[in-house]
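K.L.:
A structural model of the following input is requested.
(chains A and B)
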Amino acid sequence: MTIQAPLQPGTTATGTIRSVDADRNAGRRGERFNWPVTVVLVLCTLSVLVPLYVTITMAFKTTSQAVDGNAFSLPAPFSVDGFVQAWQLTDFPRAFGVSVLVAAITVVGTILLASFTAYAIARNWDRRLFRWSFFYLLAAMFLPFPVLALSQVKLTGLAHLDNPFGVAILHVMFQLSFSVLLFTAFLRSIPAELEESARIDGASTGQVFWRLVFPLLAPMSATVGIFAFLASWNDFVMPSLITSNPALQTLPVLQQMFQTQFSNNYNVSFASYLMAMAPAIIVYLFTQRWVMAGVTQGAIK
Amino acid sequence: MATTTTESVTTAGSRRRGGAAPRLQSGRRGGAGLRTKRSRTDPLFLVFLIPTLLLFTLAITLPAVMGIVLSFTDSVGFGDFRFIGLTNYVAVFSDPAILQAYLFTIGFSLVTVLVVNAVAFLLAIALTSKVRGKITLRAVFVLPMVISGIVIAYVFSFLFANSLPALATTLGFAPLEQSILANPDLAWIAIVVVTAWQAIPSTLLIYIAGVLSIPAEVYEASALDGASAWRQLVSITAPLTAGYILINLVIGFKNFLNSYDIIVGLTDGGPGTSTTSVAMSIFKGFNGGDYAYQMANATIFFVIAVVIAVIQLRATRGKAAL
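P.N.:
Numbering: from 1, shown residues only, chains lettered A, B, ... in the order given. The predicted structure follows:
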């Protein structure tokens, strides 16, 4: 795994990544594999893989083949018509652009705001303002979105933020609790001597943060960034409620808007679904270990 | 909102800078054994903190407070309103549609949380045993977590509407020859299946961390004493991961109470209103213009969430003691 090198500082702070690594070798050293369990597990993966297999094969069928409703047959003939039609019907490039914009603002905004805030909190824990801010931000983890939604729709409308930009701001706000929690825990594990020696050399707080702390946070920023991306990219409810102009909707909302127009052109609808889910799957393929470690850290810290 | 926060900042700052108090403060700080000695906070730390607090207050706290206050009024979402006391709450509690939404949401969440945890726990045990290719297997089982709920719900709705009835017809299994999505008594099962499909990965990862936290020696010692695999599961794995089980049950239940997009993709609350969740009833109320009424509904929902949050905090503390 190429990701391992930049993760080195992370391994000391988290332990989770390390324990996954330790476990990864355990099977190999233990000579005998448990084959019956392996076979059962491989069969269980079908529950994950079959829906994805169906999505892919349906997307590459012709409309006349797809209409028979047989989910498991292979495309014959192989056709990209579904993609062409879905591309034009849903104006895919525009929705893709909106989704990328919202996700990019969310990722950058979350990493910057959460690391600033966590640094201020972690280094001033003895001050009541900072300590209480931490619990204030954390409390939002317990607020169900439906409780806030209607008032948020009203307020974003008043502030002329009933657009993808407003959606991105709200996405950042909803990622804050989890992200500040991860960053703060990580910052507490960085030895104070590092920062003190930089200060003795005359560095200001800003220089210490940008030149020393922020680079050290890199593995945690990766985890925070990936979760912000996934949450933002896959979100349906927030853009569907906040964004008032249908032409500025994100990909998940687009699927719902065109659901009736897809009607029985299953190849078109599945091509559209596939194009909506593919970017998240690709990101996941490259970042699995951060995703897996992030879940455990978020829940247990 | 903005001014309140700034005020509290200045008072906190000046209190620190005041006469006798700082000496006391620094003495206490030294006693607590903190690493850095600073006479006062670098203003940059406030620059790092305050914008976040302001934005957060505007985006999260203000809507929450606004919603709760307006739930005691006759507001329709805009314009004038007057306070009408608990009228909305009385109406919510006597509205059969909302009671049905609560019954459905709580029942569905209970069933789903049990299904998800049973499957994820067994998978975690299997995936930490000596199986071949466990890293690849783990990556496959976690994959559903990264797929948009509404998109995968549409994929499954095709399978439930076409493939499952076709399969049932071939096998001659009459009850499933009609799409279960069109059956008011069975549609909830489809929602449980898809919700579980998406929720199992994160639950599984937490259980894997739990199982890996048990020292191997415990199993080796029990194996020497002749304990069966079942006995190890019941007497070692389950009790030693009790904290993780509790966390997963609480987090899962809390998340499922908010279910929305998967239901939109599968049944859109139907057939009839048989699968309308609380979140869905709140959002639908928005289009209907009965804003204050649905805010009362949302406030009740919030109280339930707070109760669960308290349980969650207790659960987390319980785990730390393990």
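K.L.:
Where does B:Thr276 sit: helix, strand or coil?
P.N.:
Secondary structure state of B:Thr276, per DSSP: H, G, I helix; E, B strand; the rest coil, is coil.
K.L.:
Poorly predicted segments of the chain, please.
P.N.:
Because you didn't say which chain, this covers chain A. The model of chain A has pLDDT under 70 over residues A:1-31, A:298-301.
K.L.:
wait, I meant chain B there
P.N.:
B:1-39, B:77-78, B:286-289, B:315-322.
K.L.:
what about B:Leu114, how many neighbours?
P.N.:
A count of nearby residues for B:Leu114, using other Cβ atoms under 10 Å in any protein chain shown, gives 15. All C-beta atoms are positioned from the backbone trio N, CA, C, and that covers glycine.
K.L.:
If you count residues, where's the longest helix of chain B?
P.N.:
helix B:96-128 (DSSP state H).
K.L.:
Report whether it contacts chain A.
P.N.:
Yes: Helix B:96-128 reaches chain A (Cβ under 8 Å from any Cβ of the partner chain) through B:Leu123, B:Ala126, B:Leu127, B:Thr128.
K.L.:
And for the second one, the neighbour number?
P.N.:
The reference is to B:Ala126. 19.
K.L.:
quick one on the thing from earlier: name the nearest of the residues of helix B:96-128 next to chain A relative to chain A.
P.N.:
B:Ala126 (5.2 Å; Cβ to the nearest Cβ).
K.L.:
Just the buried ones from the residues of helix B:96-128 next to chain A?
P.N.:
B:Leu123, B:Ala126, B:Leu127, B:Thr128 (16 or more other Cβ atoms under 10 Å in any protein chain shown).
K.L.:
wait, what's in contact with the nearest residue to the last one once chain neighbours are set aside?
P.N.:
Closest residue to B:Thr128 apart from its sequence neighbours, by Cβ to Cβ, 6 or more residues apart in numbering or on different chains: B:Val211 at 4.7 Å. Counting by Cβ atoms under 8 Å, 6 or more residues apart in numbering or on different chains, B:Val211 touches B:Ala124, B:Ile125, B:Thr128, B:Thr237, B:Thr241.
K.L.:
what does stretch B:230-241 rub up against?
P.N.:
Residues contacting stretch B:230-241 (Cβ under 8 Å, 6+ apart): B:121, B:125, B:207, B:210-211, B:213-214, B:218-219, B:222-223, B:227, B:245, B:322.
K.L.:
Mind checking which of the residues you listed land in helices?
P.N.:
B:Phe121, B:Ile125, B:Tyr207, B:Gly210, B:Val211, B:Val218, B:Tyr219, B:Ser222, B:Ala223, B:Ile245.
K.L.:
Quick check, central residue of chain A?
P.N.:
A:Leu230 (2.0 Å; Cα atoms, centre = their mean).
K.L.:
That one and A:Gln175, how far apart?
P.N.:
Separation of A:Leu230 from A:Gln175 (Cβ to Cβ, to the nearest Å) stands at 10 Å.
K.L.:
Please apply the same query to A:Val107.
P.N.:
As judged by Cβ to Cβ, A:Val107 and A:Gln175 stand 9 Å apart.
K.L.:
which residues do those two both contact?
P.N.:
The contact lists of A:Val107 and A:Gln175 share A:Ala228, where a contact means Cβ under 8 Å, 6+ apart.
K.L.:
Now do the domain split for chain A, please.
P.N.:
Here the domain parsing of chain A from automatic domain parsing is A:21-88, A:92-262.
K.L.:
The shortest one and chain B in contact?
P.N.:
In other words, domain A:21-88. Yes: using Cβ under 8 Å from any Cβ, domain A:21-88 reaches chain B at A:23-24, A:26-27, A:30, A:32-35, A:37-38, A:40-42, A:44-45, A:47-49, A:51-52, A:54-55, A:58, A:69-72.
K.L.:
Tell me which of these fall in helices.
P.N.:
Those of the residues of domain A:21-88 next to chain B lying in helices (DSSP H): A:23-24, A:26-27, A:35, A:37-38, A:40-42, A:44-45, A:47-49, A:51-52, A:54-55, A:58.
K.L.:
follow-up on the earlier one: same for the one helix or strand the residue nearest to the centre of chain A maps to, what does it pack against?
P.N.:
In this structure, A:Leu230 sits in helix A:218-234 according to DSSP states H and E. Here helix A:218-234 touches helix A:8-14, helix A:92-123, helix A:164-188, helix A:266-300, going by 3 or more Cβ pairs under 8 Å, 6 or more residues apart in numbering or on different chains; DSSP states H and E.
K.L.:
Many thanks, have a good one.
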